[in-house]
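*Asks:* Structural data only, the sequence is not supplied:
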């Protein structure tokens with residue numbers, strides 16, 4: 001089946017595969033697999049696919065977590081997408097130490113093109129996705145490969161995730177649905193997979209056409225929805241990845257694009273085909289609320305989805321104690337929502353969140369001002385939510401919560 005996007009431009013990537021320093025074994029005509037605890041194999045069972053772009057701060061931890069898996073017959077495919085920091089030097093250093101790391105360099109093509117080329121460059125039967133700022137749990141590949149080996153009708157498996165701050169400290173835990181039918185139902189509302197925690201059959205993803213760049217920055221969500229119509233999907237009930245939350249992930253413009261992209265994907269469940277979606281939208285780069293309405297969404301639905309997206313990200317920043325950035329994001333969110341003329345209750349929810357952020361920042365006057373405006377926008381909702389929050393604080397004290 002011909003796709004309008006390109007999957008597999010491997011020839012455009014320059015391979016930098018460092019020669020192994022392992023001693024040559026003349027008796028077996030192969031390299032000694034016990035050298036420095038590193039194993040060598042002709043064909044890996046799984047490939048860890050890591051797209052890299054200016055990721056020097058956390059890249060080493062991600063690479064070490066991939067190479068340190070309990071399942072040793074793997075490779076790590078790291079594609080540097082034109083980094084301008086020291087990411088390439090870091091990758092070269094690790095590639096010299098472990099021949100399982102295959103490094104590829106490229107001019108800056110963007111995430112989706114990098115992922116699609118990685119699908120072809122990977123030699124494993126299974127592909128494990130990992131972002132360059134996240135950490136794979138040591139037995140992740142072993143657990144997920146075992147699941148897929150036992151369940152031939154499943155194409156993809158994810159797992160639970162712990163959220164961590166930039167310094168690695170725990171913020172909270174995400175428990176995701178495990179059953180295929182529940183996952184398919186949930187996909188009609190939201191993405192229930194963490195991209196950095198999934199392992200899938202390479203053959204199944206290529207047959208599905210790979211990642212569609214039209215739906216960036218929700219290209220993974222769109223692929224899971226497309227895949228769910230042909231294959232079975234699952235999450236294992238174990239933590240497989242540590243997802244790092246940091247300030248560079250969040251901006252109001254990016255969040256608006258991501259929410260609108262996700263809504264466009266969910267329009268498929270309203271009977272629209274991909275061709276119809278692309279015809280109605282033209283491009284996701286300059287998508288508007290009017291285009292969302294053409295997809296059948298009401299102004300209330302749009303306001304609710306945008307509000308939930310902003311609140312989730314603001315509370316993520318609050319979780320890593322970047323209260324200044326959380327407050328700034330909420331100010332931008334309110335301005336955006338006012339321009340879109342959404343429901344007053346949406347603006348009230350933003351003000352309630354701003355109240356918490358300002359209070360925890362020690363800006364008590366600002367906190368009370370936000371609370372007063374929230375009461376003016378949505379009095380009953382504000383009182384109920386505030387009472388519920390106060391009850392939760394009293395019951396749990398300062399126990400960390402999921403984002």
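*Replies:* Yep, that arrived. Remember, predicted model here, so these are calculated numbers, not experimental data.

*Asks:* Quick check on residue 87: phi, psi?
*Replies:* Backbone torsions for residue 87, taken as degrees, to the nearest 10, come to phi -60, psi -40.

*Asks:* Okay, it and residue 121: tell me how far apart.
*Replies:* Using C-beta to C-beta, to the nearest Å, we find residue 87 at a distance of 17 Å from residue 121. The C-beta positions use only the backbone N, C-alpha and C, and glycine is treated the same way.

*Asks:* Same check on residue 77?
*Replies:* Distance from residue 77 to residue 121, counting by C-beta to C-beta: 6 Å.

*Asks:* can you check residue 258 too?
*Replies:* For residue 258, the distance to residue 121 equals 27 Å [C-beta to C-beta].

*Asks:* before we move on, back to that, overlap of the contact sets of residue 77 and residue 121?
*Replies:* Taking C-beta atoms under 8 Å, 6 or more residues apart in numbering as the contact rule, residue 77 and residue 121 both touch 102, 104.

*Asks:* between those two, who's got more neighbours?
*Replies:* Comparing residue 77 with residue 121 by neighbour count (other C-beta atoms under 10 Å), the higher total belongs to residue 77, at 25 against 19.

*Asks:* need the contact list for that one.
*Replies:* Residues near residue 77 by C-beta under 8 Å, 6+ apart: 47, 48, 49, 50, 102, 104, 118, 121, 122.

*Asks:* rerun at 6 Å
*Replies:* 47, 49, 102, 118, 121, 122 (C-beta atoms under 6 Å, 6 or more residues apart in numbering).

*Asks:* go on, residue 320?
*Replies:* Taking C-beta under 6 Å, 6+ apart as the contact definition, residue 320 lies against 165, 245.

*Asks:* Now the buried members of the contacts of residue 77.
*Replies:* Among these, the ones that count as buried by 16 or more other C-beta atoms under 10 Å are 47, 49, 102, 118, 121, 122.

*Asks:* Specify the local secondary structure of the closest residue in space to the fourth one that isn't next to it in sequence.
*Replies:* With C-beta to C-beta, 6 or more residues apart in numbering as the criterion, residue 118 has its nearest non-adjacent residue at 4.4 Å, and that residue is residue 49. Classification of residue 49 using DSSP: H, G, I helix; E, B strand; the rest coil returns strand.

*Asks:* shaky segments in the protein?
*Replies:* Under the criterion pLDDT under 70, the flagged ranges of the chain are 1-41, 249-252, 386-403.

*Asks:* what's the single longest helix in it?
*Replies:* With DSSP state H applied, the helix covering the greatest number of residues in the chain is identified as helix 299-319.

*Asks:* Can you give me the distance of the residue lying closest to residue 260 once chain neighbours are set aside to residue 377?
*Replies:* Nearest residue to residue 260, sequence neighbours excluded (C-beta to C-beta, 6+ apart): residue 287, at 4.6 Å. Using C-beta to C-beta, residue 287 is found at 27 Å from residue 377.

*Asks:* Check residue 230 too.
*Replies:* 45 Å.

*Asks:* Looking at the two, which one has more neighbours?
*Replies:* In this view residue 230 and residue 377 are compared by other C-beta under 10 Å, and residue 377 has more residues nearby, 19 against 10.

*Asks:* unless I'm mixing things up, that one is touching residue 346, no?
*Replies:* No. With contacts counted by C-beta atoms under 6 Å, residue 377 stays clear of residue 346, the gap being 8.8 Å.

*Asks:* Helix, strand, or coil at residue 260?
*Replies:* Under three-state DSSP, the three-state class of residue 260 is helix.

*Asks:* wait, residue 217
*Replies:* At residue 217 the chain is in coil, as set by three-state DSSP.

*Asks:* which residues sit in contact with the closest residue to residue 351 other than its chain neighbours?
*Replies:* Sequence neighbours aside, residue 374 is the residue nearest to residue 351 in space, at 3.6 Å (criterion: C-beta to C-beta, 6+ apart). Applying C-beta under 6 Å, 6+ apart, one finds that residue 374 lies in contact with 348, 351, 352, 382.
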